[in-house]
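Participant: Return a 3D structure for these sequence lines:
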Amino acid sequence: MAAAMTFLPDKPNIDRLLAVMAKLRDPDGGCPWDLEQDFASIAPYTIEEAYEVADAIQQGDMTQLRGELGDLLLQVVFHAQMAAEAEAFSFDDVAGGIAEKMIKRHPHVFGQADIDGAAAQTRAWEDQKAEERATAAANDGRALSALDGVATALPALTRAEKLQKRAARVGFDWAEAGPVIDKIAEELDELRAALGNGEGRDRVAAEMGDLLFAVTNLARRVGVDPEAALRTTNAKFERRFRHIETELAKDGRAAADATLDEMEALWVAAKRAE
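Facilitator: Now for the predicted structure:
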């Protein structure tokens, strides 16, 4: 442990981190696990670390946030190291690329443009991203779509919201929430019919997906982030269910030993206490 703590102690921390990653990936004395990894095998860890950053923010834990940001930064360094080994790009290329992108997208800060307020900046940002997507489509020799650039790896609720926002920009959207609520009722009826008719799992899954998509659309329409809303509800469920377990444990019982009515009563008590 002492040797690890003194590895390049006089270097700036970002240089130390890059050197640590290079050492871990060095075939001569590196870490066997790190050497076995590739972009695909590391990608799930990258996504997981991003979620852990979000969780630390939600908890308001700055010490945890510092650690989780470090874990996420390591993922960037890991990918950049593998890319450097493949002679594709380096960490410096990554840092330089994002710096240039931020400069380009903020002409009111780094140039002479005049943007009045956050809303105008958001519109300008989206206009620039649209130009970049158009350029990418032209370079690929394909037709431009309003849905280009919505990553398939996003959580399903988040991707649904982004797809809907893109479609809304070209007019494919309801003007108010009422018709969306009607659509939810329609999709719920179709799901109920699929279940009642004993239709196959694929049909039920398709109807369930349609219902979730419609609910996501309503969240977007009323200005609610569906992913954040569901995270909040997950936390609420966990808090109340743990209350059930705690109260039952006082009598030496587990949740599996209680009836549904007993647990429901404890759930209602937890809800009232909040």
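
Participant: What segments of this protein are strands?
Facilitator: For the chain, applying DSSP state E gives no strands.

Participant: what residues go with each domain of it?
Facilitator: The chain resolves into domains spanning 11-105, 228-273 when parsed by automatic domain parsing.

Participant: Quote the end-to-end distance of the longest one.
Facilitator: The separation between the terminal residues of domain 11-105, taken as C-alpha to C-alpha, to the nearest Å, is 32 Å.

Participant: ok, now the shortest one?
Facilitator: Looking at domain 228-273, the gap from its leading to its trailing residue is 23 Å under the measure C-alpha to C-alpha.

Participant: any idea how far it is from the chain center?
Facilitator: What separates the centre of domain 228-273 from the centre of its chain is 28 Å, taken as C-alpha atoms, centre = their mean, to the nearest Å.

Participant: For it, the averaged confidence score.
Facilitator: For domain 228-273, mean pLDDT rounds to 95.

Participant: cool, the first one as well?
Facilitator: With pLDDT averaged residue by residue, domain 11-105 scores 95.

Participant: I'd like the distance from that domain to the chain centre, please.
Facilitator: In this view, domain 11-105 has its centroid 17 Å away from the chain centroid, taken as C-alpha atoms, centre = their mean.

Participant: Could you export the domains of the chain as a markdown table, including distance to residue 167 and mean neighbour count?
Facilitator: The way it works is simple: take the backbone N, C-alpha and C, and place the C-beta from them, glycine included. Formatted as a markdown table, these follow (distance: least, C-beta to C-beta, whole Å; neighbours: other C-beta atoms under 10 Å):
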| stretch | distance to residue 167 | mean neighbour count |
| --- | --- | --- |
| domain 11-105 | 23 | 14 |
| domain 228-273 | 21 | 13 |
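
Participant: Make TSV from the ones you listed and add distance to residue 162 to it.
Facilitator: Below are these laid out as TSV (distance: least, C-beta to C-beta, whole Å):
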stretch	distance to residue 162
domain 11-105	16
domain 228-273	14
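
Participant: closest to residue 177 out of the ones you listed?
Facilitator: Shortest distance between residue 177 and those, using C-beta to C-beta, is found for domain 228-273: 15.1 Å.

Participant: mind checking pLDDT for the closest residue in space to residue 159 that isn't next to it in sequence?
Facilitator: Spatial nearest neighbour of residue 159, excluding adjacent residues (C-beta to C-beta, 6 or more residues apart in numbering): residue 150 at 6.1 Å. At residue 150, the pLDDT value in this model is 89.

Participant: Surely residue 150 touches residue 162?
Facilitator: Yes: if you go by C-beta atoms under 8 Å, residue 150 and residue 162 touch, sitting 4.8 Å apart.

Participant: any idea how far the residue nearest to residue 159 lies from residue 209?
Facilitator: Distance of residue 150 to residue 209, given as C-beta to C-beta, to the nearest Å: 17 Å.

Participant: With residue 215 instead?
Facilitator: With the distance defined as C-beta to C-beta, residue 215 ends up 11 Å from residue 209.

Participant: can you check residue 160 too?
Facilitator: Distance of residue 160 to residue 209, given as C-beta to C-beta: 9 Å.

Participant: Alright, I will stop here.
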